[in-house]
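Engineer: here is a sequence with its predicted model. Questions after.
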Amino acid sequence: MDRGSQIEDVDRDVGGSAYRHEEAYFRQLFEGSPDAIVMADREGRVLEANNSFEKLFQYTAAEARGRPIDELVAPPHRIGEADELSERARNGEIIKREVVRRRKDGTLMVASVLAYPILMAGEIVGFCGTYRDITGDRRTQETLNKLSRAVEQSAENIFITDRDGHIEYVNPAFEELTEYTSAEVIGKTPRILKSGQQDREFYGELWETILSGKVFRGTLINRKKSGKLYHEEKVITPVKDGEGSITNFVWTGKDITDRMELEERLLQAQKLEAIGRLAGGVAHDFNNLLTAVIGYGQLLATRLGNDEQLCRMAKEIIKGGQRGAALARQLLAFSRRQILQPRVIDLNAVILNVRDMLERLIPENIELVTQLGATIGRVKADPGQIEQVILNLVINARDAMPAGGTLTIETDGVDLDDNYESPHLVRRRGHYVMISVSDTGIGMDQETQSHVFEPFFTTKDQGGSGLGLATVYGIVNQSGGSVWLHSELGHGSTFKVYLPRVEEPAEDLPAEGQPDACPTGFETVLLVEDNAQVRALAAEILRAQGYNVLQASGGEEALRIARGKSRNEIDLLVTDVVMPQMSGPELAVQLASAGHHTKVLYMSGYTDNWIVHHGVSQGETSFLQKPFTPGLLASKVRDVLDS
């Protein structure tokens, strides 16, 4: 063999060895790939498939060879799409796409596909496709997308901090609530929201809780970018890595400012209601005492003759009793249990009637401005009590402007429906007439505002009874309305009273007065009163006017007295409404059942609600409110007997 032949043989052996080496290397890469790989000819028939293909699609390479790849792994409804991808790969394109593919058992998966042409001598002879199952990745991504949308669109404000408290993310609700943009807070700490309303110990406990891996739940008082405070129901959750170490904190919050304000107002209303019940009871006992003081004072004054010094003393006793009676009326007004005489009235007319008096009450350095609505409508209320409301609000405004200012009284018709956005608390939606009294005075802080309607609360150094605004509150509420206050230190105060509007025409208001004379009589009166002083006074007044008086301290004693009299012998029953063991109305019923058809005059130092609860309707029954004067008692008795 010549040298040339030897060289050719050596080259052939070396080339064959190199080819076998490359083939083995290719086979190792082909079979060892984690991706499923399939090679197909120009018609799309499988030439070869690797182990990962068998695992992914559940076909062996032998099962796959010779079969069209699209019919093998494409779902029936996606075969057209698969044919298109194969055709494009056979035409020289490199295709990368996420597609749905089918396993041998019919289950579907989401696969990432890479398809590219196979070239030999510059000619496309087929294509190669690789498949990677990304079903889990897709589900994870979809879950993350849903979570992201949920956080972004959540009505609750959410932000995430690192372990040291630096803010890494805030959602749109956080931006809307706090008025800070994301760019303004990223990298900062939640201290940017601190209001100073909660102490160091509170925040210390918060961080101690979450750094220990526990969830914090509590209420934070934070401050917006504008400086406005808000209450937030906060949940702070630690986020841990796979080893259990805290990496982040998720801060979730709900704005509960409106709810807190409503709860505070409810608690305030409940407190005022409790104080009102106490005030009503005190006023009842007070009225019994004042009945004796005023009554005996007037009897004393009529019998002193010309002794000027003693007469002056008696008059001072009477004046003191009358001031006490006015105080009792204010207590009853606050407790919403005073006796009202409601009428359909025009509030503009009431204000005009009292304007002259109001001008006399305020100094020259205060300007009184009235802005009365043209068509405000009418309300049903006691005109005297409404005058008292206006008077008290004006006096309060006057005292708030020691250096002078402007006092404005305004009326208007207001329709409150479900779309009416207002902090004003009214009992129900509907049509109202509003009275507003505003001043440009010193204003009040929040602490003062929370107490202004309480009886005996006053900010005046001297001379204030603390019952003016309490009286306003009671009268307005008993009249079916609501009163609202807005005030800021240095910017004055505004009180708004809302009274329900009615459609009836306004009524004429009769003049009122108390009789000075004491009419006389001769009839027999059964007087029933559990308070010994009041009973003795009433008996003395009536006997002085000529009546035959039978006295009883209660219902049982009164029935025993009546049993000893003939049916027509008792002309009038004068009885207290509320008494131990038997009420006045119960006594009247039992007397009638026994055949004593007497006329009845009820009297009470209790309140309207108590009277109604005990079966007395003032519209149908004669009634005398304590404290009363001798002339008023004598006149009322005479009126009932003559009716």
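Structural biologist: Noted; the coordinates are in hand.

Engineer: for K225, give me its contacts.
Structural biologist: Contact partners of K225, counting by C-beta atoms under 8 Å, 6 or more residues apart in numbering, are 178-180, 184. For the C-beta atoms, the positions are set from N, CA and C on the backbone; glycine is no exception.

Engineer: distance from the chain centre to stretch 589-609, please.
Structural biologist: Centre-to-centre, stretch 589-609 and its host chain are 45 Å apart (C-alpha atoms, centre = their mean, to the nearest Å).

Engineer: likewise stretch 211-231?
Structural biologist: Between the mean C-alpha point of stretch 211-231 and the mean C-alpha point of its chain there is a distance of 20 Å (C-alpha atoms, centre = their mean).

Engineer: so where's the stretch 501-643 of the chain shaky on pLDDT?
Structural biologist: When residues are selected by pLDDT under 70, those of the stretch 501-643 of the chain lie in 508-517, 606-621.

Engineer: tell me where it has helices.
Structural biologist: Ranges of helices in the stretch 501-643 of the chain, per DSSP state H, counting those that start in this stretch, are 532-544, 555-563, 584-593, 608-613, 630-642.

Engineer: out of these, which is closest to G384?
Structural biologist: Taking C-beta to C-beta as the criterion, helix 608-613 is the member of the helices of the stretch 501-643 of the chain that comes nearest to G384, at 14.6 Å.

Engineer: lowest mean pLDDT among the helices and strands of the chain, which one is it?
Structural biologist: helix 608-613 (a mean of 47; mean pLDDT, DSSP states H and E).

Engineer: just the strands from the stretch 401-550 of the chain, written as ranges.
Structural biologist: Chain-ordered strands for the stretch 401-550 of the chain, with DSSP state E, counting those that start in this stretch as the definition, fall at 405-416, 430-439, 482-487, 493-502, 524-528, 548-552.

Engineer: can I get these in JSON lines including mean neighbour count and distance to L368?
Structural biologist: As requested, the strands of the stretch 401-550 of the chain are arranged in JSON lines below (neighbours: other C-beta atoms under 10 Å; distance: least, C-beta to C-beta, whole Å):
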{"stretch": "strand 405-416", "mean neighbour count": "18", "distance to L368": "5"}
{"stretch": "strand 430-439", "mean neighbour count": "21", "distance to L368": "11"}
{"stretch": "strand 482-487", "mean neighbour count": "18", "distance to L368": "20"}
{"stretch": "strand 493-502", "mean neighbour count": "21", "distance to L368": "15"}
{"stretch": "strand 524-528", "mean neighbour count": "23", "distance to L368": "50"}
{"stretch": "strand 548-552", "mean neighbour count": "18", "distance to L368": "53"}
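
Engineer: I210 is nearest to which of those?
Structural biologist: Comparing the strands of the stretch 401-550 of the chain by C-beta to C-beta, strand 482-487 comes nearest, at 38.8 Å.

Engineer: other SSEs contacting the closest one?
Structural biologist: Other helices and strands packing on strand 482-487, by 3 or more C-beta pairs under 8 Å, 6 or more residues apart in numbering; DSSP states H and E, are helix 468-478, strand 493-502.

Engineer: quick one: distance of the shortest one to the chain centre.
Structural biologist: If I follow you right, that is strand 493-502. With C-alpha atoms, centre = their mean as the basis, the mean position of strand 493-502 lies at 20 Å from the chain mean.

Engineer: same question for the longest one.
Structural biologist: Relative to the chain's own centre, helix 468-478 is displaced by 22 Å; criterion: C-alpha atoms, centre = their mean.

Engineer: kindly state the pLDDT recorded for D162?
Structural biologist: At D162, the predicted lDDT confidence score is 91.

Engineer: tell me the bridge partners for it.
Structural biologist: Beta-bridge partners of D162, counted by DSSP bridges, are N248.

Engineer: tell me who's in contact with it.
Structural biologist: The neighbourhood of D162, defined by C-beta under 8 Å, 6+ apart, consists of 168, 247-249.

Engineer: now tabulate those in TSV and tack on distance to M260.
Structural biologist: Output for those, formatted as TSV (distance: C-beta to C-beta, whole Å):
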residue	distance to M260
E168	29
T247	33
N248	29
F249	24
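
Engineer: quick one: buried ones out of these?
Structural biologist: Buried positions within those, assessed by neighbour count (16 or more other C-beta atoms under 10 Å), are F249.

Engineer: what is the mean pLDDT for the helix or strand harbouring G80?
Structural biologist: Secondary structure here is read from DSSP states H and E; on that basis G80 sits in helix 79-90. Average pLDDT, helix 79-90: 75.

Engineer: so can I have a markdown table of the helices of the stretch 501-643 of the chain showing mean neighbour count and distance to A173?
Structural biologist: Rendered in a markdown table, the data for the helices of the stretch 501-643 of the chain read as follows (neighbours: other C-beta under 10 Å; distance: least, C-beta to C-beta, whole Å):
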| stretch | mean neighbour count | distance to A173 |
| --- | --- | --- |
| helix 532-544 | 19 | 66 |
| helix 555-563 | 17 | 67 |
| helix 584-593 | 18 | 61 |
| helix 608-613 | 17 | 47 |
| helix 630-642 | 19 | 66 |
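
Engineer: relative to R139, which of the ones you listed is closest?
Structural biologist: When those are ranked by distance to R139, counting by C-beta to C-beta, first place goes to helix 608-613 at 67.3 Å.

Engineer: the helices and strands packed on strand 482-487: lowest mean pLDDT?
Structural biologist: The weakest mean pLDDT among those belongs to helix 468-478, with a mean of 78.

Engineer: report all helices and strands that that helix contacts.
Structural biologist: Contacts defined by 3+ C-beta pairs under 8 Å, 6+ apart place helix 468-478 against helix 308-334, helix 383-399, strand 482-487, strand 493-502.

Engineer: of all these, which lies closest to G474?
Structural biologist: Among these, helix 308-334 comes nearest to G474, with 3.8 Å by C-beta to C-beta.

Engineer: next helix or strand past that closest one?
Structural biologist: On the C-terminal side of helix 308-334, the closest following helix or strand by DSSP H and E is strand 343-345.

Engineer: and that following strand, which residues are buried?
Structural biologist: Taking 16+ other C-beta under 10 Å as the basis for neighbour counts, the residues of strand 343-345 that come out buried are 343, 345.

Engineer: distance of the closest residue to V483 other than its chain neighbours from M434?
Structural biologist: Leaving aside its chain neighbours, V483 sits nearest to V476 (4.7 Å; criterion: C-beta to C-beta, 6 or more residues apart in numbering). V476 sits at a distance of 12 Å from M434 (criterion: C-beta to C-beta, to the nearest Å).

Engineer: got any residues that touch both of the two?
Structural biologist: By the contact definition C-beta under 8 Å, 6+ apart, V476 and M434 are jointly contacted by 497, 499.

Engineer: tell me the SS of the spatially most central residue of the chain?
Structural biologist: The residue at the geometric middle of the chain, judged as the C-alpha nearest the mean C-alpha position with C-alpha atoms, centre = their mean, is L262 (3.0 Å). The three-state label given to L262 by DSSP: H, G, I helix; E, B strand; the rest coil is helix.
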